[in-house]
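Undergrad: coordinates only, no sequence provided:
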């Protein structure tokens, strides 16, 4: 976890103190539930609030964000390598190309024909940016936009795709959650007309975006009220993908959407310190095939500490929710893994063990191959060194 609105963060464009504070990365160690902080290398982004991020392999990509002073927004794109803990600027912040300088937009990854793309949608910037109209097909109103841009990573190139279907109005502070490599779900947000509770399904190709709004029956079925600055995560189950939505401005509740069936269900067993948050972070961890733990942190209400939500799927559309006390984190984790393991049955247990052994075997041979390659490289280097010494002696 990086950045955000932090106590004592200087409200300046750039300074040594700001760089010092933003050159730290916080990590939650999932097996223990403990946080640790590590320094990073390179220059971190200047947009520290309301940025968008997505991970592809060992790289985390960060776009845009609010600088923290005088309506200063960015459209820079950075990558962060989780092995080297190093920042790299891919695209600088400029009004000459790419999306509008903005924050509170959505970003997902797209993989198509062997290429990786970043998809950046909508957002909010400075009121002076309304006149720039970076994308002719988009609309701009009250500092918000409904732009849709692709960034082709291998080519370092911003692209404007063809957009069809039910394009949302200018909007910010919504959630855009990936479902597959080329689909996503978008919910809520803030428009020039106020808060929204609209739900959209998006599909992507390398040149186009298709958007379909899911009709709201308005009263005949359960449906969340309008909200913005909420958080959401994808929950995978044997019956298909689900979207968990927690909190948001003006709300104190949580909802679960069956994405395939387009059915909402309110989660009523969560306390107010979980649901009364906005501008907070959520992370989902699939502990077992039936149990997900959602790590919640931060936000702009009085509730900012880490909480752990347990969401268990037991049968078709049968869910249980609870909160794991932090002082019982490791004990509850062991109990849950053992309990779910016993409930799998002998055949499923054997299959999991077999799959694990096959994976370990593949990893063993890969490690052995890497050792042989390094040994051959070392032998070649030693031979080259000897030949060089002989030539120098002659």
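TA: Sure, I can see it. As the structure is a computational prediction, the values presented were derived from the model and not from experiment.
Undergrad: from here on, contacts and neighbour counts on C-alpha atoms
TA: Noted.
Undergrad: and the closest residue to residue 240 other than its chain neighbours, what element?
TA: In space, and not counting its chain neighbours, residue 240 is closest to residue 260: 6.9 Å by Cα to Cα, 6 or more residues apart in numbering. Here residue 260 sits in a region with no helix or strand, counting by DSSP states H and E.
Undergrad: same question for the one 10 residues further on.
TA: Element membership of residue 270 [criterion: DSSP H and E] is none; it lies in no helix or strand.
Undergrad: how close does the spatially most central residue of the chain sit to residue 324?
TA: The centroid of the chain falls nearest to residue 54 when counting by Cα atoms, centre = their mean (4.5 Å). Distance, residue 54 to residue 324, by Cα to Cα, to the nearest Å: 27 Å.
Undergrad: next: residue 163.
TA: On the measure of Cα to Cα, residue 163 and residue 324 end up 43 Å apart.
Undergrad: same thing with residue 367?
TA: 38 Å.
Undergrad: next one: residue 211
TA: 37 Å.
Undergrad: what about these two, which has more around it?
TA: Neighbours were counted for residue 211 and for residue 324 using other Cα atoms under 10 Å; residue 211 has more, 20 against 17.
Undergrad: and for the helix or strand the more buried one falls within, what's in contact with it?
TA: Element membership for residue 211, per DSSP H and E: strand 208-214. The contact list for strand 208-214, computed with Cα atoms under 8 Å, 6 or more residues apart in numbering, reads 161-167, 198-204, 262.
Undergrad: run the last query once more with 7 Å
TA: 161-167, 199-204 (Cα atoms under 7 Å, 6 or more residues apart in numbering).
Undergrad: need these in a markdown table (columns: pLDDT and secondary structure).
TA: Rendered in a markdown table, the data for those read as follows (pLDDT from 0 to 100; DSSP: H, G, I helix; E, B strand; the rest coil):
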| residue | pLDDT | secondary structure |
| --- | --- | --- |
| 161 | 96 | coil |
| 162 | 96 | strand |
| 163 | 97 | strand |
| 164 | 97 | strand |
| 165 | 97 | strand |
| 166 | 97 | coil |
| 167 | 97 | coil |
| 199 | 98 | strand |
| 200 | 98 | strand |
| 201 | 98 | strand |
| 202 | 98 | strand |
| 203 | 98 | strand |
| 204 | 97 | strand |
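Undergrad: okay, and the helix or strand of this structure with the least pLDDT?
TA: Between all helices and strands in the chain, the lowest mean by mean pLDDT, DSSP states H and E belongs to helix 346-393, at a mean of 68.
Undergrad: am I right that the residue nearest to the centre of the chain is in contact with residue 63?
TA: No. Contact between residue 54 and residue 63 fails when scored by Cα atoms under 7 Å: they sit 9.0 Å apart.
Undergrad: average pLDDT across stretch 266-286?
TA: The pLDDT scores in stretch 266-286 average 93.
Undergrad: re the thing from before, filter the contacts of strand 208-214 down to the buried ones, ChimeraX style.
TA: In ChimeraX, this line selects whichever of the contacts of strand 208-214 come out buried by 16 or more other Cα atoms under 10 Å:
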select :161,163,167,199,200,201,202,203,204
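Undergrad: Throw the contacts of strand 208-214 into JSON lines and include distance to residue 3, thanks.
TA: Shown next, in JSON lines, are the contacts of strand 208-214 (distance: Cα to Cα, whole Å):
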{"residue": "161", "distance to residue 3": "30"}
{"residue": "162", "distance to residue 3": "33"}
{"residue": "163", "distance to residue 3": "32"}
{"residue": "164", "distance to residue 3": "35"}
{"residue": "165", "distance to residue 3": "35"}
{"residue": "166", "distance to residue 3": "33"}
{"residue": "167", "distance to residue 3": "31"}
{"residue": "199", "distance to residue 3": "28"}
{"residue": "200", "distance to residue 3": "29"}
{"residue": "201", "distance to residue 3": "29"}
{"residue": "202", "distance to residue 3": "28"}
{"residue": "203", "distance to residue 3": "30"}
{"residue": "204", "distance to residue 3": "29"}
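Undergrad: helix or strand for residue 336, which one?
TA: helix 329-344.
Undergrad: domain parsing for this structure?
TA: Domain assignment for the chain by automatic domain parsing gives 1-214, 229-344, 349-394.
Undergrad: would you single out the least confident of those domains?
TA: domain 349-394 (a mean of 69).
Undergrad: quick one: the strands in the stretch 151-300 of the chain, in order.
TA: 157-159, 162-165, 175-180, 183-191, 194-204, 208-214, 231-237, 240-246, 254-258, 263-266, 281-288, 291-297 (DSSP state E, counting those that start in this stretch).
Undergrad: and the fourth one, how far out from the chain middle?
TA: Centroid separation for strand 183-191 versus its chain: 14 Å, with Cα atoms, centre = their mean, to the nearest Å.
Undergrad: re earlier: count the neighbours of the residue nearest to residue 240 for me.
TA: 10.
Undergrad: and what of residue 268?
TA: What residue 268 shows, counting by other Cα under 10 Å, is a neighbour count of 12.
Undergrad: contacts only, for it.
TA: Residue 268 sits in contact with no residue, where contact means Cα under 7 Å, 6+ apart.
Undergrad: if we use 8 Å, what do you get?
TA: Per Cα under 8 Å, 6+ apart, neighbours of residue 268: 253, 254.
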